[in-house]
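S.K.: Structure here, sequence nowhere to be found:
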């Protein structure tokens, strides 16, 4: 006579079923962690180099034949405008504003824009809005081209504004933009590099999280 093995039912006896509601070992379900929208990219290299060139070009290299940095070169015209020795028309007013304040504000804004963008400062919706004034729906989906094009256009406009102001300034003093010395061209090179940094931009830090396993049912079925 064959006897059933351990745990096996005797002949004619129904097989035992697990009691209703018995819990089986389940895989732990972990919700996906939030990922940053952007990460530092190759655009950071020209952006950093360009920023350094802008600072050196404005403050350390001669702008005119007589020597002196941009501050020294612009000082006579600024003083003449302050003393009403220059006609206070719109053209002179723009050049005066640029020479006294504009070059520093516009150059700093362009450099900061390129650095923050290329170094991946957009970590989420709040930082996208506070930094660039955008909600970043495309960035959230991993699409950088829209923001990249918009920020590059802004840098191009800043660079064009600088060059326009230099042309107007040299024209008002009876010179030509070609008479400017290395400081101006080094600054222009830095502006161009920061624009390239914006065009290259960061890497996308967003990726769709992998599909998580569904929690098993009461009998271990999914």
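M.R.: All right, it came through fine. All values reported here derive from a predicted model rather than from experimental measurement. Residues are numbered from 1 along each chain as shown.

S.K.: so when I look at residue 35, I'm seeing a strand, right?
M.R.: No - per DSSP: H, G, I helix; E, B strand; the rest coil, residue 35 lies outside any strand segment and is coil.

S.K.: Now do it against residue 204, distance only.
M.R.: Going from residue 35 to residue 204 by C-beta to C-beta, to the nearest Å gives 10 Å. The way it works is simple: take the backbone N, C-alpha and C, and place the C-beta from them, glycine included.

S.K.: ok, now residue 79?
M.R.: Residue 79 sits 50 Å away from residue 204, going by C-beta to C-beta.

S.K.: Settle it for me: which of the two has more neighbours?
M.R.: A direct count of neighbours by other C-beta atoms under 10 Å for residue 79 and residue 204 places residue 204 higher, at 18 against 11.

S.K.: Phi first, then psi, for that one.
M.R.: Residue 204 adopts backbone torsions of phi -80, psi 130, taken as degrees, to the nearest 10.

S.K.: Which pLDDT does the model give it?
M.R.: At residue 204, the pLDDT value in this model is 78.

S.K.: wait, isn't it in contact with residue 40?
M.R.: No - between residue 204 and residue 40 there is no contact under C-beta atoms under 8 Å: 11.6 Å.

S.K.: can you pull out the helices in this structure?
M.R.: For the chain, the helices defined by DSSP state H cover 44-59, 70-82, 90-97, 103-118, 125-132, 137-140, 145-172, 182-200.

S.K.: Next, the angle from the longest one to helix 44-59.
M.R.: Spelled out, it's helix 145-172. Orientation note: helix 145-172 sits at an angle of 20 degrees relative to helix 44-59 (axes from the mean of the first three to the mean of the last three C-alpha atoms, to 10 degrees).

S.K.: name the helices or strands packed onto helix 145-172?
M.R.: Other elements packing on helix 145-172 under the criterion 3 or more C-beta pairs under 8 Å, 6 or more residues apart in numbering; DSSP states H and E are helix 70-82, helix 90-97, helix 103-118, helix 137-140, helix 182-200.

S.K.: and the longest one, which residues are buried?
M.R.: By neighbour count, and taking 16 or more other C-beta atoms under 10 Å as the criterion, the buried residues in helix 182-200 are 183-184, 186-200.

S.K.: For it, what does the pLDDT average out to?
M.R.: Mean pLDDT, helix 182-200: 96.

S.K.: just checking, what packs against that helix?
M.R.: In terms of contacts (3+ C-beta pairs under 8 Å, 6+ apart), helix 182-200 is packed against helix 44-59, helix 70-82, helix 103-118, helix 145-172.

S.K.: closest to residue 179 out of those helices?
M.R.: helix 145-172 (6.3 Å; C-beta to C-beta).

S.K.: If you average the pLDDT over the closest one, what comes out?
M.R.: For helix 145-172, the mean pLDDT works out to 91.

S.K.: follow-up on the earlier one: reformat the helices and strands packed on helix 145-172 as TSV; add distance to residue 50.
M.R.: Shown next, in TSV, are the helices and strands packed on helix 145-172 (distance: least, C-beta to C-beta, whole Å):
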stretch	distance to residue 50
helix 70-82	17
helix 90-97	24
helix 103-118	7
helix 137-140	23
helix 182-200	3
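
S.K.: Indicate which one of the ones you listed is closest to residue 62.
M.R.: Closest approach to residue 62 among the helices and strands packed on helix 145-172 (C-beta to C-beta): helix 182-200, 5.4 Å.

S.K.: Just want the angle from the closest one to helix 70-82.
M.R.: Using the same axes, to 10 degrees: helix 182-200 against helix 70-82 is 100 degrees.
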